[in-house]
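1. my questions are about this predicted structure, shown below with the sequence.
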Amino acid sequence: MARRETPEVNAGSMADIAFLLLIFFLVTTTIEKDKGIARQLPPKEPPTDEPVIIKQKNLFIVNVNKHDQLLVEESLMELKDLKQAAIEFLDNGGQPNGTEGYCDYCKGQRDPESSDNPDKAIISVQNDRETSYKMYIAVQNELVGAYNFLRNRESQRLYGFKFTEVSSAIDEGSYKGNESSAKEKLEKIQEMFPLKLSEAEPKKSGV
Amino acid sequence: MSKFNKKKGGALPAINTASLPDIVFMLLFFFMVVTVLRETDLLVKNELPKANEVEKLKKDRSVFLYAGKPSDRYKDKYGKEGKIQIGDKYTDVTNIKFALTEARLKLLPELQDKVMVALKVDKETNTGLVTDVKQELRDLNMLKIIYITSPGDPNDK
């Protein structure tokens, strides 16, 4: 029995097949890039009898109506000015020097008519039910931006790094160095400028 | 001169394409590995709003909730009002609790306490719908939420 030699398989079309598959995966690929603004909702609590009293000057009221217009502290404002206004409010430090709650790291105007210190300052956002979600996110984004700006400033001054960069590096697990001590530092910065964003339940539309 | 004339008669040498499949396969494997086939079919329009002060989402501990107008092919059937989608189907506001509890059970047991609700809401939606969802989440005690956005500056018109 003569053994026949096996004919060589023509591999010329291999590239075509591979290309076909490649194109399929190219088209279906969505490289995940989900990012967003994280929030902690307030827990449900039984209604208390005595309402908490907050001084008017420690409140920064942002109102958004159904036409997506901004009313900040009773005056109309453009979205692009909101961040600066919020920074000025948070960084004001109106509590006089020597008294309790004096903010020694604030660099604001120290206007007694504005917030006492960042711990007491509360930003309150009121939406209309018909406000567009786009505007809602834009407002939230600007306010978070204001906090991030101040936190970055303080972390740069105290520790020489940027708050946002280090916290995102820790999240991704790519932080080089002592993670627990960095986390402690981050917490300290967070205490200096605690995120106090309150959201009132939206009013019925048309008011 | 003969040095230069030498090649004149010869045809262009063929490029060896034997390694082409290898290259293509390498690319193919790369895309196969990074591909995530969409798990859920979107029933709602989902154009995310822009934001730049963002954090990364931890995917292993999140439950997705979509909201927006029904997409074009479902418009005739479901109208133009904003709707909520969890998993593969539309959900009513009153039904969110049940659907989310169910979705949470699909996560790893050790991560179920750390669950985060990722809200993918279309930018044209009314905030009222989102508020209703948030009220339900508070009732359910799932307090960690993240508004998923697309990168960009919201100030750009």
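-> Ah, there it is.
2. burial measure for the residue nearest to B:Leu143 when sequence neighbours are not counted, as a count.
-> The shortest distance from B:Leu143 to any non-neighbouring residue, by C-beta to C-beta, 6 or more residues apart in numbering or on different chains, is to A:Leu41 (4.3 Å). Placement of C-beta: from N, CA and C, glycine included. Applying other C-beta atoms under 10 Å in any protein chain shown, we find 16 residues neighbouring A:Leu41.
3. so A:Leu41 versus B:Lys134, what's the distance?
-> The gap separating A:Leu41 from B:Lys134 is 6 Å, by C-beta to C-beta, to the nearest Å.
4. and if you look at A:Val9?
-> 62 Å.
5. which residues sit against stretch A:62-80?
-> Outside stretch A:62-80, the residues that touch it by C-beta atoms under 8 Å, 6 or more residues apart in numbering or on different chains are A:60-61, A:82, A:85, A:123-132, A:134-136, A:138-139, A:142-143, A:205-206, B:154-155.
6. of the residues you listed, buried ones?
-> Buried subset of these (neighbour count, 16 or more other C-beta atoms under 10 Å in any protein chain shown): A:60-61, A:82, A:85, A:123, A:125-132, A:134-136, A:138-139, A:142-143, B:154.
7. how about the helices of chain B, start to end?
-> Secondary structure of chain B (DSSP state H): helices located at B:2-5, B:20-34, B:75-78, B:96-105, B:127-140.
8. now those in CSV, with mean neighbour count and distance to chain A?
-> Formatted as CSV, those follow (neighbours: other C-beta atoms under 10 Å in any protein chain shown; distance: least, C-beta to the nearest C-beta, whole Å):
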stretch, mean neighbour count, distance to chain A
helix B:2-5, 6, 35
helix B:20-34, 15, 4
helix B:75-78, 10, 19
helix B:96-105, 16, 13
helix B:127-140, 19, 3
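9. any chance of the ones you listed in a markdown table, plus mean pLDDT?
-> As requested, the helices of chain B are exported to a markdown table (pLDDT from 0 to 100):
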| stretch | mean pLDDT |
| --- | --- |
| helix B:2-5 | 58 |
| helix B:20-34 | 82 |
| helix B:75-78 | 80 |
| helix B:96-105 | 85 |
| helix B:127-140 | 87 |
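10. wait, which of those helices is closest to A:Cys106?
-> Nearest to A:Cys106 among those is helix B:127-140; the distance by C-beta to C-beta comes to 32.1 Å.
11. setting aside sequence neighbours, what's the nearest residue to residue 144?
-> Just going to use chain A. Using C-beta to C-beta, 6+ apart, the closest residue to A:Val144 is B:Glu53 (4.4 Å).
12. that's the other chain; I wanted chain B
-> B:Met116 is the one closest to B:Lys144 (C-beta to C-beta, 6+ apart), at 4.4 Å.
13. now do the one you found, the pLDDT please.
-> B:Met116 carries a pLDDT value of 87.
14. give me the number of residues near it?
-> Applying other C-beta under 10 Å, we find 20 residues neighbouring B:Met116.
15. tell me the contacts of it?
-> B:Met116 makes contacts with A:38, B:57-58, B:61-63, B:144-146, as judged by C-beta under 8 Å, 6+ apart.
16. now swap in A:Gly177 and tell me
-> For A:Gly177, no residue meets the contact criterion (C-beta under 8 Å, 6+ apart).
17. against A:Ile87, how distant is it?
-> Counting by C-beta to C-beta - A:Gly177 and A:Ile87 are separated by 29 Å.
18. ok, back up a step: closest one to B:Gln85 among the helices of chain B?
-> Each of the helices of chain B has some distance to B:Gln85 by C-beta to C-beta; the shortest is helix B:96-105, at 9.4 Å.
19. any idea how far B:Ala118 lies from B:Lys59?
-> Separation of B:Ala118 from B:Lys59 (C-beta to C-beta) stands at 9 Å.
20. can you list the low-confidence ranges for chain A?
-> Low-confidence segments of chain A (pLDDT under 70): A:1-3, A:30-33, A:49, A:201-207.
21. now do the helices in it.
-> Along chain A, the stretches classed as helices by DSSP H are A:14-28, A:79-90, A:133-158, A:163-172, A:179-192.
22. which among those is found nearest to B:Thr101?
-> Across these, B:Thr101 has its closest neighbour in helix A:133-158 (24.8 Å, C-beta to C-beta).
23. CA atoms only for stretch B:23-34, dumped as CSV, please.
-> The C-alpha coordinates for stretch B:23-34 follow below in CSV (Å, rounded to 0.1, in the frame of the first residue of the first chain):
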residue,chain,number,x,y,z
ILE,B,23,-1.7,39.8,12.8
VAL,B,24,-5.4,39.7,12.2
PHE,B,25,-5.8,37.0,14.8
MET,B,26,-4.0,39.0,17.3
LEU,B,27,-6.3,41.9,16.8
LEU,B,28,-9.3,39.5,16.8
PHE,B,29,-8.3,38.1,20.2
PHE,B,30,-7.9,41.6,21.6
PHE,B,31,-11.4,42.6,20.6
MET,B,32,-12.8,39.3,21.7
VAL,B,33,-11.4,39.8,25.1
VAL,B,34,-12.5,43.4,25.6
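24. which residues sit against that stretch?
-> So stretch B:23-34 is contacted by A:15, A:18-19, A:21-22, A:25-26, A:29, A:31 (C-beta under 8 Å, 6+ apart).
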